[in-house]
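Student: Give me a 3D structure for the following:
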Amino acid sequence: MLDTADTADTAHSAVTRSAGAPRPRRSAARRTALLMVGSATLLAVTAVIGIGLGSNPIHPATVVEAVFAYDPMNNAHLVVVLSRVPRILLGVVVGAALGLAGTLMQSVTRNPLADPGILGVNAGASLAVVIAIAFLGVQSVSGYIWFAFVGAGAAAALVYLLGSARGNAGTPVRIALAGTAVSIVIGALTQMVLLSNEPAFNAFRFWAIGSLQGRDFDVILTVLPFIAVGILASLALVAPLNAITLGDDVATGLGTNTTAARIGVAFAVVLLAGAATAAAGPIGFIGLGAAHIARFFTGNEHRRLIPASVLLGATLLVVADTLGRIAVAPAELQTGVAAALFGGPLFVALVRSRKVAAL
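Tutor: Residues are numbered from 1 along each chain as shown. Sure thing, here's the model as predicted:
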């Protein structure tokens, strides 16, 4: 395995040198460092501002004091620690999972439009959760998560099978079309169940819009182990993903088992997207946006790309959630709606860009 990884990295380095020598590579490393520092700074500032927002505004100084010198007798400290800090932490965890899931899907399919929402993973998880609510009476995230995993995995498998039907390789266009078709069908089935079951609709609608509101530390602790395993699995796939970036034929020639790599990526994506969707509902555009912005700074070297997409996904979701609350204060714009409003223009710009061809 080490030989395969070293060979893949050597080939990737050779391609980089032939394309423009070590200077662009050093430049990519500097851009990655700049992205990481900028994202971390923006995340920290937005978190402090976001914790202070709400029906009862809290001064940033009080927020910092509550975090580092918690006083259970102070009402403002109680609001910060028991309500708003869990919201920000869940945004970090869910955003990181979605950002990484989008990056993995784009890399393994070599499709610049791949994302858990576009390829039907979120729709599959949503249908499974609807079934759990409507017919099995499941009401908690700890119950949702298993159904979300099953639905996400089934949808991902169906999209890949349809996209690679008749023995053909799953090209980016075929997989994107298959994902769109599967999402439409699953969405119709979900609506059919909801419209025929009013109690299920009332329970589902608050989850389906995508929100970080009202989640506590128990929700974070429920999904965190699955997301951690997904991140670790993706780190173990760095060398195969670098090889696949060069093309399947080259990757196979270097000794990479592309089928095993894709199965490993599918496992990681199901864990990441399934857990994130179970915790916060289906939230779109974070995976797509984080993956593209991270790749612009880091290039296709996954040692840089994976950590950058994790941090950037967390930052984008927390920023979207905070901006959504600022935009309609003192009311609140749900996180899924805010992410769509800010991600929609990015998606349009991406579609119109001449640079969007293949990874």
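
Student: Assign a three-state SS to residue 134, would you?
Tutor: Three-state assignment for residue 134 (DSSP: H, G, I helix; E, B strand; the rest coil): helix.

Student: tally of neighbours for it?
Tutor: The number of residues packed near residue 134 is 19, by other C-beta atoms under 10 Å. Bear in mind the C-beta positions are built from the backbone N, C-alpha and C, glycine included.

Student: And residue 88, by the same measure?
Tutor: 21.

Student: what about it, which helix or strand?
Tutor: helix 85-109 (DSSP states H and E).

Student: pLDDT averaged over that helix - what is it?
Tutor: Helix 85-109 carries an average pLDDT of 92.

Student: repeat for stretch 352-359
Tutor: Model confidence over stretch 352-359, given as mean pLDDT, is 56.

Student: Then stretch 161-174?
Tutor: Per-region confidence: stretch 161-174 scores 69 on mean pLDDT.

Student: what's the spacing between residue 322 and residue 88?
Tutor: Per C-beta to C-beta, to the nearest Å, residue 322 is found 9 Å from residue 88.

Student: same check, this time on residue 255
Tutor: Taken as C-beta to C-beta, the span from residue 255 to residue 88 is 44 Å.

Student: Overlap of the contact sets of residue 322 and residue 88?
Tutor: Residues touching both residue 322 and residue 88 (C-beta atoms under 8 Å, 6 or more residues apart in numbering) are residue 50.

Student: Tally up the residues packed near residue 221, please.
Tutor: By the criterion of other C-beta under 10 Å, residue 221 has 10 neighbours.

Student: picking that back up, who are the packing partners of the helix holding residue 88?
Tutor: Packed against helix 85-109 by the contact rule (3 or more C-beta pairs under 8 Å, 6 or more residues apart in numbering; DSSP states H and E) you find helix 22-52, helix 217-236, helix 238-245, helix 258-280, helix 286-298, helix 302-327.

Student: Quick check: which of these is nearest to residue 157?
Tutor: Residue 157 lies closest, by C-beta to C-beta, to one member of those: helix 258-280, at 7.5 Å.

Student: list the contacts for the residue nearest the centre of the chain?
Tutor: Centroid check for the chain by C-alpha atoms, centre = their mean gives residue 98 as the closest residue, at 0.7 Å. Residues in contact with residue 98, defined by C-beta under 8 Å, 6+ apart, are 116, 272, 273, 276, 283, 286, 287, 290, 313, 317.

Student: residues in contact with the third one?
Tutor: In other words, residue 273. Counting by C-beta under 8 Å, 6+ apart, residue 273 makes contact with 97, 98, 101, 116, 121, 122, 125, 152, 287.

Student: Does the first one touch residue 230 like I think?
Tutor: Which is residue 97. Yes - counting by C-beta atoms under 8 Å, residue 97 touches residue 230, with 6.7 Å between them.

Student: higher neighbour count, these two?
Tutor: More crowded of residue 97 and residue 230, by other C-beta under 10 Å: residue 97, with 35 against 25.

Student: one step back: for residue 97 and residue 230, list the residues in contact with both.
Tutor: By C-beta under 8 Å, 6+ apart, residue 97 and residue 230 have these common neighbours: 272, 275.

Student: where do the helices sit along the stretch 51-200 of the chain?
Tutor: Under the criterion DSSP state H, counting those that start in this stretch, helices of the stretch 51-200 of the chain are mapped to 60-68, 75-79, 85-109, 121-136, 141-163, 172-195, 198-208.

Student: looking at these, which is closest to residue 309?
Tutor: Going by C-beta to C-beta, the one of the helices of the stretch 51-200 of the chain nearest residue 309 is helix 85-109, 4.1 Å.

Student: which intervals of the stretch 1-150 of the chain have sub-threshold pLDDT?
Tutor: 1-26, 55 (pLDDT under 70).

Student: let me fix that: the stretch 201-350 of the chain
Tutor: 346-347, 350.

Student: on that earlier part again, hey, which of the helices of the stretch 51-200 of the chain is tucked in deepest?
Tutor: Among the helices of the stretch 51-200 of the chain, helix 85-109 has the highest mean neighbour count (mean count of other C-beta atoms under 10 Å), at a mean of 28.

Student: That one versus helix 286-298: what angle between them?
Tutor: Per axes from the mean of the first three to the mean of the last three C-alpha atoms, to 10 degrees, the angle that helix 85-109 makes with helix 286-298 is 70 degrees.

Student: Now do helix 85-109 against helix 172-195, angle only.
Tutor: Going by the same axes, to 10 degrees, helix 85-109 makes 140 degrees with helix 172-195.

Student: Can I get the helices of the stretch 51-200 of the chain in JSON lines including distance to residue 237?
Tutor: Output for the helices of the stretch 51-200 of the chain, formatted as JSON lines (distance: least, C-beta to C-beta, whole Å):
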{"stretch": "helix 60-68", "distance to residue 237": "35"}
{"stretch": "helix 75-79", "distance to residue 237": "41"}
{"stretch": "helix 85-109", "distance to residue 237": "8"}
{"stretch": "helix 121-136", "distance to residue 237": "18"}
{"stretch": "helix 141-163", "distance to residue 237": "16"}
{"stretch": "helix 172-195", "distance to residue 237": "19"}
{"stretch": "helix 198-208", "distance to residue 237": "31"}
